[in-house]
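Q: no FASTA, just this:
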């Protein structure tokens, strides 16, 4: 049967954003386990470690020091070990170029960081619900594109 | 002389299960603790044979009636959306109730309780999935796709596509095409 919670991971260098993010997941209906990292280097070290719990959905901030979200995306897409992870770009940028570029490079979801908590909760809840549908109904992940 | 034994029941059950699955030629993966993922579609005949073989050990395949019915709802919807031979002339709520022999109210509550989404949303999600497949193939116009999926107009399909994915059908088509080219370039390096 299915596991009863979803593993979520976020890499974001902004402390407030990380806090809002975990708070939002505490309030939504689907049970999640959320892990956060301060930048791409910490994230990739963790994912590449032997006993890492791979997330169902990974949220990547684009602008991070040391290793950007885009660099993480590239590394993740090159490693078959990570093929089941849905990648969500979680960024303040909403430039059409950034959005299309990340989708082309394999991101599944693009979220422009909402400015208020209520919208954030709604968006994250929808992301997790739709990802859950893909996961439990063996739908084709190659066609999984979602934008907020 | 008397010998004393110590058992590990889990280990024993696991060996019995694995042996029986192998005897029945079923491909499987151990998930752990009484859970086995079957890596193929198990026909009801095959499942009955498996259950019969397990009977003497008093091992039983646990089936949750609720999740079985939910799976039937999903299968019916997917057949309704993806199988063009299945022609539905009534509203999908009536069709589901008739096919599955329960009131729509009951089905709808059960579905929401188990899947975190409503039947209506699930139907839309599946229709858009089908639309995506057709859009990628590029041999049908959006008008034809809208017609096939029973949308009253292209505008209605485009709006529902955008509302569900956040992307327009043409942007979706462009992104998937670019991604294919991008992956090909990368594999050549």
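A: That came through fine. These numbers come from a predicted model, not from an experiment.

Q: now the helices for the chain?
A: Because you didn't say which chain, this covers chain A. Ranges of helices in chain A, per DSSP state H, are A:15-26, A:40-48, A:69-78, A:96-104, A:117-136.

Q: other chain: chain B
A: Counting by DSSP H, the helices of chain B are B:9-23, B:44-55, B:65-82, B:92-100, B:104-115, B:119-137, B:142-148, B:154-165, B:169-188.

Q: residues in contact with residue A:22?
A: A:10, A:34, A:36 (Cβ atoms under 8 Å, 6 or more residues apart in numbering or on different chains). (C-beta placed from N, C-alpha, C; glycine too.)

Q: which members of these occur in strands, if any?
A: If you go by DSSP state E, the contacts of residue A:22 have A:10, A:34, A:36 in strands.

Q: residue B:49 - how many residues pack around it?
A: Residues near residue B:49, counting by other Cβ atoms under 10 Å in any protein chain shown, number 16.

Q: confidence score at it?
A: What the model reports for residue B:49 is a pLDDT of 88.

Q: burial count for the residue lying closest to it once chain neighbours are set aside?
A: What sits nearest to residue B:49 in space, not counting adjacent residues and going by Cβ to Cβ, 6 or more residues apart in numbering or on different chains, is residue B:24, at 6.2 Å. Counted with other Cβ under 10 Å, residues neighbouring residue B:24 total 16.

Q: and residue B:24, how far is that from residue B:44?
A: 14 Å (Cβ to Cβ, to the nearest Å).

Q: same question for residue B:8.
A: Residue B:8 is 33 Å from residue B:44, by Cβ to Cβ.

Q: next: residue B:133.
A: 29 Å.

Q: what about the two, which has more around it?
A: Using other Cβ under 10 Å, the more surrounded residue of residue B:133 and residue B:44 is residue B:133, with 13 against 7.

Q: run through the bridge partners of the nearest residue to residue B:166 once chain neighbours are set aside.
A: Nearest residue to residue B:166, sequence neighbours excluded (Cβ to Cβ, 6+ apart): residue A:147, at 3.1 Å. When bridges are called by DSSP bridges, residue A:147 pairs up with residue A:110.

Q: list the contacts for residue A:147?
A: Counted by Cβ under 8 Å, 6+ apart, residue A:147 has contacts A:99, A:109-111, B:165-167.

Q: hmm, try it at 10 Å
A: A:89, A:94, A:99, A:103, A:107, A:109-112, B:162, B:165-167, B:171-172 (Cβ atoms under 10 Å, 6 or more residues apart in numbering or on different chains).

Q: partners of the residue minimising distance to the centre of chain A in the sheet?
A: Central residue of chain A (Cα atoms, centre = their mean): residue A:59, 2.0 Å from the mean position. Beta-bridge partners of residue A:59, counted by DSSP bridges, are residue A:10, residue A:88.

Q: okay then, goodbye and thanks.
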